[in-house]
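Undergrad: structure of the sequence below:
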Amino acid sequence: MVTVGIIGAGRIGRVHTQSIRTQVPEAVTKTIADPFMNEKTEAWAKENGIANVTTNYKDILNDPEIDAVLICSSTDTHSPISVEAIKAGKHVFCEKPIDHDITKIQEVITALNENPVKYQVGFNRRFDHNFQAVKKAVDAGKIGEKHIIKITSRDPEPPAPEYVKVSGGIFLDMTIHDFDMVRYLAGCDATEVYVAAANLVDPAIGEAGDVDTAIITLEMEDGSLAVIDNSRKAVYGYDQRAEVFGSKGMVSTGNDSATKAVIANEEGITSEKPLYFFLERYMDAYANEVKAFIHAIETDTDTPLGVDDGLKPVLMGLAAKKSLEEHRPVKISEILA
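TA: Predicted structure coming up:
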């Protein structure tokens, strides 16, 4: 049994809390920390079997009974808490991104080199049954050599402008998942990124210094090409699709819906809308990624998504921002220079 502490009792912290309680029998949550802990959150924690609540995450890091921590706090705290937890000898599951600053991610890498604990980054889409089926077909050679990878990722509604201002922008907030998915399906890294983007959804997003609609093209190390299309607003729901086209064929996956029922009558043929947003669409994936993290601890094996997998999508996101700003293709090596 692995004893964990959860840092952050917001939306994603609650998702992981419930996943561990209901789907990860090898782990138990002892403590949850949040600086804004209140009576309502404390009552929720008790209902979910958590013995201790605190406003200070250091209580978790200083507890010798806690083996691992899940960092579900605000993005700006991910890297510093990661370093503290690693130095405290705790295994770490860190929600994406580790940081928007490459230097701070390097500090996490340095801490891991000095303290060999398990470290996993929360790119949950790799643990989705649809995308895993696509990956399995590609790895089995069903579509031959990879030529084109296509990712569609569109949110059902735009975020508030206040969120946009602190999010790091669409490429480090939203597209970062798609950058990881391209690496996952391609089985290699990107070498060059080019972006065309605009404000077509909400002028307030533009006023906050961001875009809401984007097409990103990438050149991959194996010579294949990738295309990502993003929108902050798809009126029909959460649009999450992927396709890999190759020399021997193609594999693709569509959206999940509540049921697969299709009505056909004189008015036409209709089916249900996609599941509304990421909690509905990826709830099982969130549980599966934590299961993998706990398994790595119990078996003393590598986590499926290490710190390097946290770094690479950030490099791609920074290259995308630079491409948009400078209206040109940007090589990943430029970001590392």
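Undergrad: residue furthest from the geometric center of the chain?
TA: Distance to the chain centre peaks in the chain at residue 266, reaching 42.3 Å (criterion: CA atoms, centre = their mean).
Undergrad: can you tell me how far that residue sits from residue 154?
TA: According to CB to CB, to the nearest Å, residue 266 stands 31 Å off from residue 154. Glycine gets a C-beta too; all of them are placed from N, C-alpha and C.
Undergrad: over to the residue farthest from the centre of the chain: give its phi and psi.
TA: Backbone torsions for residue 266, taken as degrees, to the nearest 10, come to phi -70, psi -20.
Undergrad: what sits against it?
TA: Counting by CB atoms under 8 Å, 6 or more residues apart in numbering, residue 266 makes contact with nothing.
Undergrad: also the one 3 residues further on?
TA: Taking CB under 8 Å, 6+ apart as the criterion, residue 269 is in contact with 262, 263.
Undergrad: which SS state does it fall under?
TA: strand (DSSP: H, G, I helix; E, B strand; the rest coil).
Undergrad: can you pull up the bridge partners for it?
TA: Counting by DSSP bridges, residue 269 is bridged to residue 264.
Undergrad: next one: it from residue 255, what distance?
TA: From residue 269 to residue 255 the distance is 16 Å (CB to CB).
Undergrad: likewise for residue 194?
TA: In terms of CB to CB, residue 194 sits 27 Å off from residue 255.
Undergrad: now residue 63
TA: Residue 63 is 42 Å from residue 255, by CB to CB.
Undergrad: same check, this time on residue 247
TA: As judged by CB to CB, residue 247 and residue 255 stand 27 Å apart.
Undergrad: repeat for residue 184
TA: The gap separating residue 184 from residue 255 is 18 Å, by CB to CB.
Undergrad: what of residue 56?
TA: From residue 56 to residue 255 the distance is 42 Å (CB to CB).
Undergrad: mind checking which of these two has more residues around it?
TA: Neighbour count, other CB atoms under 10 Å: between residue 56 and residue 255, residue 255 has more, with 19 against 13.
Undergrad: surely the more buried one and residue 234 touch.
TA: No: at 10.0 Å, residue 255 does not count as touching residue 234 under the criterion of CB atoms under 8 Å.
Undergrad: what about stretch 58-70, average pLDDT?
TA: Averaging pLDDT along stretch 58-70 gives 98.
Undergrad: that should have said stretch 252-271, apologies.
TA: 88.
Undergrad: so for it, what gets flagged as buried?
TA: 253, 255, 256 (16 or more other CB atoms under 10 Å).
Undergrad: what is the first one paired to in the beta sheet?
TA: On DSSP bridges, the residues paired with residue 253 through beta bridges are residue 242.
Undergrad: gap between it and residue 198?
TA: 27 Å.
Undergrad: any low-confidence regions in the stretch 201-337 of the chain?
TA: 279 (pLDDT under 70).
Undergrad: try 90 this time
TA: Where the stretch 201-337 of the chain drops to pLDDT under 90, the residues are 254-263, 265, 270-283, 336-337.
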